[in-house]
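Peer 1: Predicted model, plus sequence, below.
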Amino acid sequence: MARRFQGPFSPSARQSGDGTMPPLRSQPGQIRHPLESRTRWVTIMAFPFLISAFWQDPFGLVMHLCAFGGIAAGMFLTREGLQAEAAYDARRVARRPAIPRKLFGGILTGLGLALGSYAPGAELGAGVIGVAGAVLHWLCFGPDPMRDKGMEGIDSFQQDRAHRIIAEGEAHLQAMQDDILRTGDRRLEARVAMFSATARDLFARIEQNPAEIAGARRYLGVYLQGARDATVKFADLYVQTHDQRARQDYETLLADLETGFSARIRRLIEGGKEDLDVEISVLRDRLSREGVGQPAPTAAPSPSELERPMTLDDLLIPREGQKQSR
């Protein structure tokens, strides 16, 4: 069944109070590493071990099957490690992965290559091939993140608490996006995506400073859960009746929630600026008490000096005022 597409410039699109169209923000997709597709190709290239295993003797059958299994398992761990690295790079504050998946993936890949190339009397050659495969894996995919990023001065308990609450909020947003798909209305899908983007901006702010989770907890829990429940009920009603009044009420609810989330983000930013101003004033008072004065402001040049073109002598010969001060 055909569906009518309404973009931001469609005549029936919702407009704001001043007649301008609200900006549409795309829904952030899953974070992907640019090297993630390489693991699929390496697994495909290991299929000859799986196919040729059935033309070997029992010992060769086991070795070739283990070789394919080792490479496939290594690529699976490598892909998981690349996804963890992509999430690590996308965040300003992040912990290092608990398990170095790419490291273990490289070891399994090298082990699989060694088992696949093993032959009686050629143990050394098989070992060299395995080591070379592990080194090439490290050169191709790189190492795992081994250090925390931006975690200095952050309480680990608050960080874990913030991650848990943010994960619950992400689950509510994903449920809203899944439920609104049942309406078949792309305009509503885009509207929910706009609200999700605003909520994720608040998530990012909380991730950077987990100490602010107390003031924003009801936004991440109560409000998002209420929005999810309202989306479920609206989708059930709109699929059956296409009630425009219910649609307008639902869009108004999303607009009010988005305004509240944006206001909370602004308050968090302003609170951070106030903390910075306090720190700067405290440092200035401490420097003044220790006798470290601020540098005297330099006198502004006169208009005649600005109009006169500067020559090389002006740069090499100091001014009369500077000579007298010396």
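Peer 2: Nice, thanks for sending it over. Remember, predicted model here, so these are calculated numbers, not experimental data. Numbers count the residues shown, from 1 in each chain.
Peer 1: ok, now how distant is residue 31 from residue 109?
Peer 2: Residue 31 sits 24 Å away from residue 109, going by CB to CB, to the nearest Å. Glycine gets a C-beta too; all of them are placed from N, C-alpha and C.
Peer 1: Comparing these two, which shows the higher neighbour count?
Peer 2: Per other CB atoms under 10 Å, whichever of residue 31 and residue 109 has more neighbours is residue 109, with 29 against 14.
Peer 1: wait, the more buried one sits on residue 72?
Peer 2: No - the criterion here is CB atoms under 8 Å, and residue 109 misses it with residue 72 at 9.5 Å.
Peer 1: Does residue 200 touch residue 174 like I think?
Peer 2: No - if you go by CB under 8 Å, residue 200 and residue 174 don't touch, sitting 11.3 Å apart.
Peer 1: These two - which one has more neighbours?
Peer 2: A direct count of neighbours by other CB under 10 Å for residue 200 and residue 174 places residue 200 higher, at 18 against 12.
Peer 1: List the buried residues of the helix or strand harbouring that one.
Peer 2: Here residue 200 sits within helix 186-208, counting by DSSP states H and E. Buried residues in helix 186-208, defined by neighbour count with 16 or more other CB atoms under 10 Å: 187-188, 190-200, 202-203, 205-208.
Peer 1: tell me how far it is from the chain's mean position?
Peer 2: Relative to the centre of its chain, helix 186-208 is centred 13 Å away, using CA atoms, centre = their mean, to the nearest Å.
Peer 1: What is the subsequent helix or strand relative to it?
Peer 2: Counting by DSSP H and E, the next helix or strand C-terminal to helix 186-208 is helix 213-218.
Peer 1: Check which residues of that next one are buried.
Peer 2: For helix 213-218, burial by neighbour count (16+ other CB under 10 Å) applies to 213, 216, 217.
Peer 1: As TSV, those with pLDDT and distance to residue 121 would be great.
Peer 2: As requested, the buried residues of helix 213-218 are exported to TSV (pLDDT from 0 to 100; distance: CB to CB, whole Å):
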residue	pLDDT	distance to residue 121
213	73	63
216	74	67
217	75	67
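Peer 1: Save these as a markdown table, and put in distance to residue 223 too.
Peer 2: Formatted as a markdown table, the buried residues of helix 213-218 follow (distance: CB to CB, whole Å):
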| residue | distance to residue 223 |
| --- | --- |
| 213 | 14 |
| 216 | 10 |
| 217 | 10 |
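Peer 1: Now do stretch 39-52: distance to the chain's middle.
Peer 2: Offset of stretch 39-52 from its chain centre (CA atoms, centre = their mean): 32 Å.
Peer 1: Mind listing residues that contact it?
Peer 2: With contact meaning CB atoms under 8 Å, 6 or more residues apart in numbering, stretch 39-52 is reached by 64-65, 67-68, 71-72, 75-76, 78-79, 82, 109, 112, 116.
Peer 1: end-to-end on stretch 201-219?
Peer 2: Terminal residues of stretch 201-219 are spaced 12 Å apart (CA to CA, to the nearest Å).
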